[in-house]
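> could you look at this predicted model? Sequence included:
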Amino acid sequence: RIAMAGESGGGYICAGAMVQLARKDEAHLVKLAIPIIPMLSDYCFSDTAAMTKHEAEMAIGQRKIWRLIGGPEFDEMRKDALLFPGKADEETLSKMPPTIVWEAEFDMYITEATRFANRLRAAGRLLEFVVIPGTKHGSGFAPYHACFKREREAWRMAIQEYLLK
């Protein structure tokens, strides 16, 4: 009953590990993967006119973060799913562990997470796409937010259903 999960940058690490497990045909070692509000693609480099207000406001900062992660070879690596897990091809997606993509309704990564979830669903690897209503990036992490209890209950149910059963 091995599970892996991560939130935000940790969701990025979780999704990157999913890519690596799929490439090595080792996804069977993980019963459940849960990338939470994950960084997944280079969507922030696209035209901000097509983004939500929050996505557009965060785009410049996100571009800087991605360039730091990618380092000097960033431009050469832009098509590699290890840098951008959301760019995994269909074969790689089909070999990923069973996955719950976990998002916040008003998160800056909602568009790319939705796309990733849809692609995982088409590949037969998506268990659930959870979107916590009324929340922003990281809202469910802090007990002082009103959504915390609701999100923890949803988390408990997901773990019970997909990991412990």
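Great, that's in hand.

> now the stretch of helix or strand T111 belongs to: mean pLDDT?
When elements are assigned from DSSP states H and E, T111 belongs to helix 110-122. Helix 110-122 comes out with an average pLDDT of 98.

> got the buried residues for it?
For helix 110-122, a neighbour-count test (16 or more other CB atoms under 10 Å) marks 110-113, 116-117, 119-121 as buried. From N, CA and C alone the C-beta is placed, and that goes for glycine too.

> the longest helix in the protein is where?
helix 53-70 (DSSP state H).

> who are the packing partners of the helix holding T111?
Helix 110-122 sits against helix 90-94, strand 99-104, strand 126-132, with contacts defined as 3 or more CB pairs under 8 Å, 6 or more residues apart in numbering; DSSP states H and E.

> could you dump it to CSV, C-alpha only?
What follows is helix 110-122 as a C-alpha-only set of coordinates in CSV (Å, rounded to 0.1, in the frame of the first residue of the first chain):
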residue,chain,number,x,y,z
ILE,A,110,-6.5,24.6,-12.3
THR,A,111,-6.3,24.7,-16.1
GLU,A,112,-3.2,22.5,-16.5
ALA,A,113,-4.4,20.1,-13.7
THR,A,114,-7.8,19.8,-15.5
ARG,A,115,-6.0,19.0,-18.8
PHE,A,116,-3.8,16.5,-17.0
ALA,A,117,-6.7,14.8,-15.3
ASN,A,118,-8.6,14.5,-18.6
ARG,A,119,-5.6,13.0,-20.3
LEU,A,120,-5.1,10.5,-17.4
ARG,A,121,-8.8,9.6,-17.7
ALA,A,122,-8.4,8.9,-21.4
